[in-house]
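*Asks:* Give me the fold of what follows.
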Amino acid sequence: MKQNHSVYFEFYKDSHNFHAHFEVQKFDQLPWVTTHEKNAELWNFDVVEIFLQWRNGPEDVNAPYLECEFSPNEKQLNLIIIEPRKRLATPWMWQFTFENQLSDKEWKARLCVPTPRDLPFLKDHLKHHQLYGGAFACLGTGTGREYYSLNPNPEERPDFHRPELFIPF
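*Replies:* Have a look, this model is predicted:
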């Protein structure tokens, strides 16, 4: 199948923040697939997702993790995943920086995530600062939907909520 996009991710961290930069290039003439609904399920539209899991060691795959979703029209969804597909929380007080640039053919964004030292469910896992995660892009619709992943899994329609596949950052 011909790919309609290319996706580039870049990451680095400093003592207080995690930084991500991504670029999405479009090769087709279709518009970006977005929504303007409040509290929309962004994963059903063009979206980039970054998952961040602070572990007490490599085997700590059951630690809660942050899920950060971003759309081309600057919609955001941020969740604390306590148990994938079972329990989650919304980090209301959590602040981060997001810069977005969009044209018909290109979407660029930068993200700065402060270490969430005071967020419920996460603070007990920040002692050793071993950061793991994943980065994903879901683009297009219907049979033309494309999935891109920093750490792919073998399913045809990927399940990104697989902490055992997260990689160290």
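*Asks:* ok, so what distance separates the residue lying closest to residue 36 once chain neighbours are set aside from residue 26?
*Replies:* In this structure, residue 36 finds its nearest non-sequential neighbour in residue 73, 7.1 Å apart by Cβ to Cβ, 6 or more residues apart in numbering. Every C-beta, even on glycine, is put in place using the N, C-alpha and C of the backbone. According to Cβ to Cβ, to the nearest Å, residue 73 stands 15 Å off from residue 26.
*Asks:* Compare these two (neighbour count), which wins?
*Replies:* residue 26 (20 against 14; other Cβ atoms under 10 Å).
*Asks:* hang on, the more buried one packs against residue 103?
*Replies:* No - the pair residue 26 / residue 103 is not scored as a contact, 9.2 Å apart, by Cβ atoms under 8 Å.
*Asks:* Need the residues touching each of these two.
*Replies:* Taking Cβ atoms under 8 Å, 6 or more residues apart in numbering as the contact rule, residue 26 and residue 103 have no neighbour in common.
*Asks:* Not counting residues beside it along the chain, what's closest to residue 65?
*Replies:* residue 53 is the one closest to residue 65 (Cβ to Cβ, 6+ apart), at 3.6 Å.
*Asks:* Isn't the one you found up against residue 165?
*Replies:* No - counting by Cβ under 8 Å, residue 53 sits too far from residue 165 to count as a contact (11.0 Å).
*Asks:* So between the two, which is more surrounded?
*Replies:* Ranked by neighbour count (other Cβ under 10 Å), residue 53 and residue 165 place residue 53 first, with 23 against 19.
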